[in-house]
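**Student:** no sequence for this one, just the structure:
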Ligand SMILES: Nc1ncnc2c1ncn2[C@@H]1O[C@H](COP(=O)(O)OP(=O)(O)O)[C@@H](O)[C@H]1O
Ligand SMILES: [Mg+2]
């Protein structure tokens, strides 16, 4: 099996390709000098979104670009009546996507919760792209996120010259989403200090953003909603207040349930990323991808795939996202310094780097896994040797 290709992806970029006709293929667009390094979802998948909109005859909530059904199809993939293939973006339980999409059509906001690398950010971006046609109204949550990032700031030159006015006000992405009836996104909500998080309570419950300096307010128009993501492991850092939590419907994104699902996710993403990095398509990397996924899953689960050997889990997350980056780096190595075929030596160093985060404890765990599991496994000799070489 070769790594799957997504034929409908286009690299059309509204921001930078003013002079080029639309519908450029992904590969060509990626090598264009001015092409964005990472186009937004609504740019990468513009062709799919247009096809969905054209054939979607179900009712759409106010200001939605697509019906909830079409949004779910965009995320989960499918074939349209005219034969257009919609590639799956999210691989996982259909119900999760249905609940997430439905939530956005209600007056409650959506909270995507999960361990790192479970596609929370990815799903949030694609939901915003499909619902509002714009995934860029984004607030990145950090310990230093100020209230202005959620409410508004001021253009001080204008403020000093003309005094406080709407002209001097710099709206936050959330404020813009409210006034335009769009989807706003807040990444890593629980990293934001609690008092700043609470700014969202009025926005989500009263659907208004007061501007006391002007004796004014911005009222959310229909179509506005908000998607937040939060990390399971951050729990306890800046826990959501119960007042805020009540404004959200929480959807937990699980780790991929089967090895096959995880292999599919990794090969799909790697293929896309490889294309945007102008790497030649890997003719047959699937065996190595499967191996990376197996190693990650076994160490994560603390037991070998056959259930026979208990293992210690290293401190790193070893998520699907890490597997994607290990394989992508491996492909780059094999493309630039190898024969273009993904081999054990191309992924060994990446795996070691992902597994051994804590130099002392994780190294012991890795050595034990190497000697008790990898060494004995049929067909894993080359991989064992490559790992020994980089671990030395
Ligand atoms: N179930 C899944 N379906 C599709 N892609 C996935 C899945 N799980 C992980 N990924 C991929 O993993 C990568 C990392 O996901 P990301 O959204 O950054 O994780 P999170 O925000 O949960 O930490 C993305 O490129 C995404 O494509
Ligand atoms: Mg994220």
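**Tutor:** Arrived safely, thanks for sending. Just so it is clear, the structure is predicted and the values come from calculations on it, not from any experiment. Ligands and ions are numbered 1, 2, ... in the order given.
**Student:** Determine the set of other helices and strands touching whichever helix or strand residue 185 is part of.
**Tutor:** Assigned by DSSP states H and E, residue 185 falls within strand 183-187. On a contact count with 3 or more CB pairs under 8 Å, 6 or more residues apart in numbering; DSSP states H and E, strand 183-187 meets helix 120-132, strand 138-140, helix 173-180, strand 225-231. Bear in mind the C-beta positions are built from the backbone N, C-alpha and C, glycine included.
**Student:** Tell me which of these lies nearest to ligand 2.
**Tutor:** helix 120-132 (3.3 Å; CB to the ion).
**Student:** wait, does the closest one contact ligand 2?
**Tutor:** Yes. Using CB under 5 Å from the ion, helix 120-132 reaches ligand 2 at 120, 121.
**Student:** do that helix and ligand 1 meet?
**Tutor:** Yes. With CB under 6 Å from any ligand atom as the criterion, ligand 1 is reached by helix 120-132 at 120, 121, 122.
**Student:** wait, the first one sits on residue 251?
**Tutor:** When you say that, I think you mean residue 120. No. Residue 120 sits out of contact with residue 251 when judged by CB atoms under 8 Å, with a separation of 9.3 Å.
**Student:** Identify the contacts common to those two.
**Tutor:** 112, 113 (CB atoms under 8 Å, 6 or more residues apart in numbering).
**Student:** can I get the helices and strands packed on strand 183-187 in CSV with mean pLDDT and mean neighbour count?
**Tutor:** Listed next are the helices and strands packed on strand 183-187 as CSV, based on pLDDT from 0 to 100; neighbours: other CB atoms under 10 Å:
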stretch, mean pLDDT, mean neighbour count
helix 120-132, 98, 25
strand 138-140, 98, 18
helix 173-180, 98, 21
strand 225-231, 96, 27
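**Student:** Between those, which one is closest to residue 302.
**Tutor:** strand 225-231 (20.8 Å; CB to CB).
**Student:** Can you tell me what sits against the closest one?
**Tutor:** Residues contacting strand 225-231 (CB under 8 Å, 6+ apart): 104, 109-116, 120-121, 124, 127-128, 131, 174, 177, 183-191, 200, 203-204, 240, 248.
**Student:** Which elements pack onto the following helix or strand past that strand?
**Tutor:** Downstream of strand 225-231, the next assigned helix or strand under DSSP H and E is helix 242-245. With contacts taken as 3+ CB pairs under 8 Å, 6+ apart, helix 242-245 sits against helix 199-205.
**Student:** No further questions, thank you.
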